[in-house]
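In: What would the 3D arrangement of this be:
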Amino acid sequence: MDKVALTAAGLYVIVLLRAGGTFAVGWLAGAGARRGRLAERISTAKFRRAERAIQRWGAPVVAVSFLTVGFQTAANFLAGSMRMPLSRYLPALFVGGAGWALVYATAGIGALELLARLFAERTMIGVGAVTALLLTVCGVMVYRRRKAALIDRDTAAGES
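Out: As a prediction, this is how the structure comes out:
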């Protein structure tokens, strides 16, 4: 249990710094984020969905965003850029960050122990599992990039 607690504590510090920093950058960017170099990044579909959710649900969205992949950065940045009051943001950060740290600490340690056991007892199965995981991640990345390129192409074609 000490291993999980220590890992969760370390991850909690990391998530507080990372998410808090993202919120601070959003806070400083504010209305200026919609102009200049950041305008293209925050006009993506992912950011627009996050912005609508934060406008509607606020702090609970920030807390729940920590249990998603890819949405939490957008949610924290937009909470900052939309000037969410610290009295609402900080409790969401503390609760959501704690959930994130616990999930990643327990699941992460479990996955690492499973892989270590696979490599120690059945090396080829371990190599196969890591290879399958890497191929899956690469496949998902290629799929998402192609899908985004198609959407961008269709959007550009519709504007002309």
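
In: For the chain, just list every one of the helices.
Out: 2-29, 45-57, 59-65, 71-81, 86-121, 123-159 (DSSP state H).

In: And the longest one, what's buried?
Out: Within helix 123-159, the residues that qualify as buried by neighbour count (16 or more other Cβ atoms under 10 Å) are G126. In this view, the C-beta of every residue, glycine as well, is placed from N, C-alpha and C.

In: what's the answer for the fifth one, then?
Out: Within helix 86-121, the residues that count as buried by 16+ other Cβ under 10 Å are 89-90, 92-93, 95-102, 104-105, 118.

In: Could you give the average pLDDT over it?
Out: The predicted model assigns helix 86-121 a mean pLDDT of 88.

In: same thing with the second one?
Out: Helix 45-57 shows a mean pLDDT of 75 in the predicted model.

In: where's it relative to the chain centroid, distance-wise?
Out: 14 Å (Cα atoms, centre = their mean, to the nearest Å).

In: Please identify the buried residues of that helix?
Out: Of the residues in helix 45-57, those buried (16+ other Cβ under 10 Å) are F47, A50, E51, A53, I54.

In: surely the first one meets A74?
Out: Spelled out, that is F47. Yes: applying Cβ atoms under 8 Å, one finds F47 in contact with A74, separated by 5.1 Å.

In: and for those two, which residues touch both?
Out: Common contacts of F47 and A74 (Cβ atoms under 8 Å, 6 or more residues apart in numbering): none found.

In: follow-up on the earlier one: now the buried residues of helix 45-57 as CSV including distance to L11?
Out: Putting the buried residues of helix 45-57 into CSV (distance: Cβ to Cβ, whole Å) gives the following:
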residue, distance to L11
F47, 25
A50, 22
E51, 27
A53, 24
I54, 24
